[in-house]
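**Q** Dropping a prediction and its sequence here:
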Amino acid sequence: MADAGKGRRAMTHNIYMYILVMAGVTYLIRMLPLVLFKKPIKSRFVHSFLYYVPFACLAAMTFPAIIYEPDMLLAGVAAFITALIFAYRRYSLIVVALAACAAVFIVERLL
Amino acid sequence: MNFKILKEGMHDGIPIGLGYFAVSFAFGMMACSKGMGIVPAVVISASNLTSAGQFAGLDVIFTDAGFVQMALTQFIINLRYSLMSFSISQKLDDGGNILHRFIVAFGVTDEIFGISASRPGALSPYYNYGAMCVAIPGWVFGTLCGAISGNLLPHMLISALSVAIYGMFLAIIIPPARDSAPIRWVVIASMALAAAFKLIPVLSSISSGAMIIIVTVLVAGVAAWLMPVKEEEL
């Protein structure tokens, strides 16, 4: 994160304009394919590609980012391993997320 | 109005809403601890409904990088939703009313896509509405609670909560990877490539948003070519 300092900064851009741009771009990305492409696609390749996209995308977003997110690298490694084990054992979303948080908290307290 | 399917969607949306509460709590906390007001933080969550995009958007706002940078960042990080919408579009039975598509579009998230893509047969928009009814309040209310407590929590807790979103992502991808060898290879290859982008000097100058797009298209493309999915699995 670029600015970890507390307190409000003077910004030259209006925050609600930022939010409007954010929300507008995000909605268009979701809406256009749903409204424009209604005919079924027969291609097995396209179906397979779309099937794999969420897994590839979420995996690339998670690792190695999770390792660098907490203050300490070792805490990030602990969070990754803990979340892997809990997810592998099929615990629910919230349990896996909280277990990863707990791992960071414990490592950062101990060291 | 199909109440039975609406209720099924709400039922399946409960764990998503709970997970969202935890992650958006971290978002609200992070936003306010950096100096954003409670109201803008909640407005971001209510209007965007996207985890990674919102966290990246905070960076753009706090570095005051401008609207073009904001649009590009959101485009690249959220481009995966267009692939998910594309996939839902194939399954969705709108009964001839295009308005359903405009509403369903707002709720295309990783998790809602996950449950609606795994529904057998044609997809009723009311299933998505049910899931959205539960998931969206979870996301918005979590942001509000996080924003209120953001300035009260010690930094050590904020550091711990920063990994919540990644824990949630792993909870989504690891169980299917355990069951399916092709998905397992996709997950391993994507993580290995993402790590290469981080560690190899020439590649590490590429923004994380661009990296996610490159890795996703490359890995999903090669996987679809080498390991095409059987029709009954789709």
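**A** Looks like it came in fine.

**Q** okay, CA-based contacts and neighbour counts for the rest of this
**A** OK.

**Q** in chain A, what residue is nearest chain B?
**A** A:A97 (4.1 Å; C-alpha to the nearest C-alpha).

**Q** Please name the nearest non-neighbouring residue to B:G221.
**A** Distance criterion C-alpha to C-alpha, 6 or more residues apart in numbering or on different chains; nearest residue to B:G221, sequence neighbours excluded, is A:F49 at 5.7 Å.

**Q** Residue ranges of each domain in chain B, please.
**A** Using automatic domain parsing, the domain parsing of chain B gives B:3-172, B:180-234.

**Q** which intervals of chain A have sub-threshold pLDDT?
**A** Where chain A drops to pLDDT under 70, the residues are A:1-11, A:40.

**Q** For it, which segments are assigned as helices?
**A** A:15-36, A:44-62, A:65-68, A:73-88, A:93-110 (DSSP state H).

**Q** surely the residue of chain A closest to chain B meets B:I172?
**A** No: counting by C-alpha atoms under 8 Å, A:A97 sits too far from B:I172 to count as a contact (10.8 Å).

**Q** any idea which element the closest residue to B:L203 other than its chain neighbours lies in?
**A** Using C-alpha to C-alpha, 6+ apart and skipping the chain neighbours, the partner closest in space to B:L203 is B:F197 (5.0 Å). B:F197 is part of helix B:181-199, with elements assigned from DSSP states H and E.

**Q** ok so, going back, is it possible to export the domains of chain B to TSV including mean neighbour count and mean pLDDT?
**A** Listed next are these as TSV, based on neighbours: other C-alpha atoms under 10 Å in any protein chain shown; pLDDT from 0 to 100:
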stretch	mean neighbour count	mean pLDDT
domain B:3-172	21	88
domain B:180-234	18	88
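
**Q** Contacts only, for the closest residue to chain A within chain B.
**A** Using C-alpha to the nearest C-alpha, the single residue of chain B nearest to chain A is B:G167, 4.1 Å away. Neighbouring residues of B:G167 by C-alpha atoms under 8 Å, 6 or more residues apart in numbering or on different chains: A:79-80, A:83, A:93, A:96-100.

**Q** thinking again about what came up before, who are the contact partners of the residue of chain A closest to chain B?
**A** Counting by C-alpha under 8 Å, 6+ apart, the residues that A:A97 touches are A:83, B:19, B:22, B:163-168, B:171.

**Q** Now the spatially most central residue of chain B. Its backbone dihedrals?
**A** For chain B, the residue nearest the mean C-alpha position is B:D110 (4.0 Å; C-alpha atoms, centre = their mean). Dihedral pair for B:D110: phi -50, psi -40, per degrees, to the nearest 10.

**Q** what's the closest non-adjacent residue to it?
**A** A:P54 (7.1 Å).

**Q** Distance of the one you found relative to B:T216?
**A** As for A:P54, its distance to B:T216 is 8 Å (criterion: C-alpha to C-alpha, to the nearest Å).

**Q** got it, and B:V104?
**A** Taking C-alpha to C-alpha, one finds B:V104 at 24 Å from B:T216.

**Q** got it, and B:F55?
**A** 19 Å.

**Q** got it, and A:A75?
**A** Taking C-alpha to C-alpha, one finds A:A75 at 27 Å from B:T216.

**Q** cool, and B:N2?
**A** From B:N2 to B:T216 the distance is 36 Å (C-alpha to C-alpha).

**Q** Report how many residues lie close to the nearest residue to B:I188 once chain neighbours are set aside.
**A** Excluding the flanking residues, the one nearest B:I188 by C-alpha to C-alpha, 6+ apart is A:A59, at 7.8 Å. When counting by other C-alpha atoms under 10 Å in any protein chain shown, one arrives at 30 neighbours for A:A59.
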